[in-house]
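Engineer: compute the structure for the input listed below.
(one chain, ligands or ions: 1)
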Amino acid sequence: MPIRVTVWGENVHDQENDVVKGIYPNGMHNTIADFLRKDPEIICKTAILQQEEHGLTEEILEATDVLTWWGHCAHKQVVDEVVNRVQQRILQGMGLIVLHSGHFSKIFGKMLGTTCSLQWREAGETERVWVCNPGHPITKGIKRYFEVPQSEMYGEPFQVPTPEENIFISWFEGGEVFRSGLTYKRGNGKIFYFSPGHETYPIYHQEDIQMVITNAVKWCRPEGDNWFDKFDGKPTDPVIKIDIKGPRLHGDGQSGLR
Ligand code: ZN
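Structural biologist: Numbering: from 1, shown residues only. This next block holds a predicted model:
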């Protein structure tokens, strides 16, 4: 079965900023989708903020195994109904790859529960991305490290929960370090955060970056069946018959609280 990917793009600076337009004339989402499509295991669609329901309807999300997310200046324009829908799909088993300034997206904050704030500097400095686990599927084909010739500095402290695994750590010319590749599991879904990708540099045209994101799509794909939340409020019958002991908050047949 192919992996069905939806590449979501905010598509604002891609339309309004001449530097970004020059690097990504068809929008960053199309550049990302184009390199993912080179992998025979992947089929790929795009969705953007400006579409109805931001291009993330129930039908599209149901037919998505892995969602990639790039946003920067319009996080607040993403409506909560769509964010909640994406969260439900992740909990069921859909993979999520959050890229670069998506650290402040509503969906990332909702899944992680912290502020996700960090240090930053836009100075076009070199970023050296070090592999922390050369045996992890996301680092397949990557040497000990690779360099992004011009990057935006993202630095610690990165206000995120302790990850399941720290896959990459980046060093910047100006001296800072940053946990630039992190994995999480939420419900039945896998999440990967990958920080390189500032829009005024041609980072998504770089081969190593493309390899990491392609590997991450394969790692994030759902395993097994979806996990649906079937909570209906009713008390569960015991597997083995028991007598009711002690006082109860709820009467017979009364629903639980949520
Ligand atoms: Zn940036």
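
Engineer: need the contact list for Pro161.
Structural biologist: Leu112, Gly113, Thr114, Tyr184 (Cβ atoms under 8 Å, 6 or more residues apart in numbering). Glycine gets a C-beta too; all of them are placed from N, C-alpha and C.

Engineer: neighbours of the residue of the stretch 51-200 of the chain at minimum distance from the ion, how many?
Structural biologist: Residue of the stretch 51-200 of the chain nearest the ion, by Cβ to the ion: His198 (3.6 Å). For His198, the tally of surrounding residues (other Cβ atoms under 10 Å) stands at 21.

Engineer: select the longest strand from the chain.
Structural biologist: strand 119-131 (DSSP state E).

Engineer: in that strand, what's buried?
Structural biologist: Buried positions in strand 119-131, judged by neighbour count with 16 or more other Cβ atoms under 10 Å: Glu125, Glu127, Arg128, Val129, Val131.

Engineer: angle of the following helix or strand past it against strand 119-131?
Structural biologist: Later in the chain than strand 119-131, the nearest helix or strand by DSSP states H and E is strand 145-155. Interaxial angle, strand 145-155 versus strand 119-131 (axes from the mean of the first three to the mean of the last three Cα atoms, to 10 degrees): 160 degrees.

Engineer: quickly check: strand 145-155 near the ion or not.
Structural biologist: Yes: using Cβ under 5 Å from the ion, strand 145-155 reaches the ion at Glu152.

Engineer: other SSEs contacting that strand?
Structural biologist: Applying 3 or more Cβ pairs under 8 Å, 6 or more residues apart in numbering; DSSP states H and E, we find strand 145-155 packed against strand 119-131, strand 165-172, strand 177-186.

Engineer: in CSV, list those along with distance to Tyr193.
Structural biologist: Shown next, in CSV, are the helices and strands packed on strand 145-155 (distance: least, Cβ to Cβ, whole Å):
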stretch, distance to Tyr193
strand 119-131, 13
strand 165-172, 9
strand 177-186, 5
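
Engineer: and those: which comes nearest Lys21?
Structural biologist: Nearest of the helices and strands packed on strand 145-155 to Lys21, taken as Cβ to Cβ: strand 119-131 at 17.8 Å.

Engineer: the ion contacts on this protein?
Structural biologist: Proximity of the chain to the ion, by Cβ under 5 Å from the ion, involves residues Ser101, Glu152, His198.

Engineer: my read is the first one is in a helix, agree?
Structural biologist: Yes: counting by DSSP: H, G, I helix; E, B strand; the rest coil, Ser101 is part of a helix.

Engineer: what helix or strand is Glu81 located in?
Structural biologist: helix 80-92.

Engineer: just give me how far that helix sits from the chain centre.
Structural biologist: 12 Å (Cα atoms, centre = their mean, to the nearest Å).

Engineer: quick one: it to strand 177-186, angle?
Structural biologist: 80 degrees.

Engineer: Provide the secondary structure category for the residue of the stretch 51-200 of the chain closest to the ion.
Structural biologist: Assignment for His198 (three-state DSSP): coil.

Engineer: let me see the contact set for it.
Structural biologist: Contacts of His198 (Cβ under 8 Å, 6+ apart): His100, Ser101, Glu122, Ser151, Glu152.

Engineer: mind giving me the ChimeraX command for buried ones among the contacts of Pro161?
Structural biologist: Of the contacts of Pro161, the buried ones can be selected in ChimeraX as follows, counting by 16+ other Cβ under 10 Å:
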select :112,184
